[in-house]
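Novice: Sequence and predicted structure below; questions after.
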Amino acid sequence: MEEPASKRPRTGSDSSVSVGDSNSKGNAQIRRRFEKYISSKSEIQDKELRDDFGAAYASLVPVINDFLRNRRLQLFQNADASLFYKVQTAEVAKKYEGLDQNHMMVLQEITQSGNKGIWLKIIRLKTRLAQYEISKILKNLEKRCLIKAVKSITSKNKKVYVLYDVIPAREHTGGPWYTDQEFDEEFVGFVGKWIKNVIKVNGSCSITELADMLKSAKISKIELSQEDLKSVIDMLIYEGEIEEFIHPEHSGVQLAGSSFYEKKWKLSSKINPNDFFTETPCGVCPVADDCAPGADISPTNCKYMDDWLGSDSLQF
């Protein structure tokens, strides 16, 4: 008995072309479409693929698997358990050729560590591989420019590993104020002097104004963020070089589209340093040894003490 047409498997065509040839052409078409689709993307959500490819998604699955095998795609999971893929160029994918499961396991741990990186000890604990094997794997991954070792300023004898193209976290590099894991005191001092000079010329400045002027002046080859400048400002405040500028009506520059004002700073109103011992009357008084409260020579009736304190009009 002939099977009803509605229940027959759908091949997509009733032409004389064989099923094998039809599938082959369909796979080639879907592959080309997918190649073009990912060419301008660095990351793709699986839901996005399902929505964009619609009914063709089922035919896309074998292509995705092939791209995963060839390392053109990397599979990850979102916090909500949904899947997404990271796209890699053919050039980058070539670096993965011949890597076994242990290499990929170590690489996955390094990838998940992001810009904070991961210590050798943690890799060993998470992968349960022997240290000598991990060391060999890390050297191979470094040689292929897939990862890099970073010396951390927090522990110069230890290294953290990050992906090759990842900029390590500030906690490891120290930011722009460190060169080769050493604090660059000269550079910090240079920026501090520049900030003081700009504030002196302008009377007062906000951190946004300082950042804009620094960018325009092009005095630093290293790009400094407002956070970087704030750390120098805090240092100058601590050293008593600058202080917050208090305006009679507000304390700074009004931020665009906001009722809040950004802080401004000015040079400190410094008290001139004095040698108080030699400048006090007692320090140079020839009869200081005879001076005592209630005596003929005493601090309470000392004219020179009144002049020095400016208290000659006060009654004791």
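Specialist: Good, I have the coordinates.

Novice: helix or strand for residue 159, which one?
Specialist: Element membership of residue 159, judged by DSSP states H and E, is strand 155-163.

Novice: So which residues make contact with that strand?
Specialist: Strand 155-163 has contacts (Cβ atoms under 8 Å, 6 or more residues apart in numbering) with 110-111, 113-120, 123, 138, 146-152, 168, 172, 181. Quick note: C-beta positions are derived from backbone N, CA and C, even for glycine.

Novice: From these, which land in helices?
Specialist: Mapping the contacts of strand 155-163 onto helices (DSSP state H) picks out 110-111, 120, 123, 138, 172.

Novice: now the contacts of strand 155-163: which count as buried?
Specialist: If you count burial by 16 or more other Cβ atoms under 10 Å, the buried members of the contacts of strand 155-163 come out as 110-111, 113, 115, 117-118, 120, 123, 138, 146-148, 150-152, 168, 172.

Novice: packing partners for the helix or strand hosting residue 49?
Specialist: Assigning secondary structure by DSSP H and E places residue 49 in helix 46-53. Where contact means 3 or more Cβ pairs under 8 Å, 6 or more residues apart in numbering; DSSP states H and E, helix 46-53 is packed against helix 57-69, strand 83-87.

Novice: can you redo those as JSON lines with distance to residue 287 and mean neighbour count?
Specialist: What follows is the helices and strands packed on helix 46-53, written out as JSON lines (distance: least, Cβ to Cβ, whole Å; neighbours: other Cβ atoms under 10 Å):
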{"stretch": "helix 57-69", "distance to residue 287": "96", "mean neighbour count": "15"}
{"stretch": "strand 83-87", "distance to residue 287": "87", "mean neighbour count": "17"}
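
Novice: and of the ones you listed, who's closest to residue 103?
Specialist: helix 57-69 (14.8 Å; Cβ to Cβ).

Novice: Who are the packing partners of that closest one?
Specialist: So helix 57-69, by 3+ Cβ pairs under 8 Å, 6+ apart, packs with helix 19-38, helix 46-53, strand 73-77.

Novice: is it possible to export these to a markdown table including mean pLDDT?
Specialist: Output for these, formatted as a markdown table (pLDDT from 0 to 100):
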| stretch | mean pLDDT |
| --- | --- |
| helix 19-38 | 74 |
| helix 46-53 | 92 |
| strand 73-77 | 87 |
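
Novice: Next, format these as a markdown table and append mean neighbour count.
Specialist: Output for the helices and strands packed on helix 57-69, formatted as a markdown table (neighbours: other Cβ atoms under 10 Å):
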| stretch | mean neighbour count |
| --- | --- |
| helix 19-38 | 14 |
| helix 46-53 | 14 |
| strand 73-77 | 16 |
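
Novice: May I see those organised as JSON lines, with distance to residue 240 added?
Specialist: JSON lines is the format used below for the helices and strands packed on helix 57-69 (distance: least, Cβ to Cβ, whole Å):
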{"stretch": "helix 19-38", "distance to residue 240": "58"}
{"stretch": "helix 46-53", "distance to residue 240": "56"}
{"stretch": "strand 73-77", "distance to residue 240": "51"}
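
Novice: Quick check: neighbours of the strand holding residue 159 in the sheet, parallel or antiparallel?
Specialist: strand 118-119 (antiparallel), strand 147-152 (antiparallel) (DSSP bridges).

Novice: Just checking the distance from the last one to the centre of its chain.
Specialist: Read it as strand 147-152. Strand 147-152 sits 16 Å away from the centroid of its parent chain (Cα atoms, centre = their mean, to the nearest Å).

Novice: swap in the first one?
Specialist: For strand 118-119, the distance between its averaged C-alpha position and the chain's averaged C-alpha position is 17 Å (Cα atoms, centre = their mean).

Novice: Specify which residues of this protein, grouped into ranges, have pLDDT under the cut-off.
Specialist: The chain contains residues with pLDDT under 70 at 1-26, 247-261, 270-279, 309-316.
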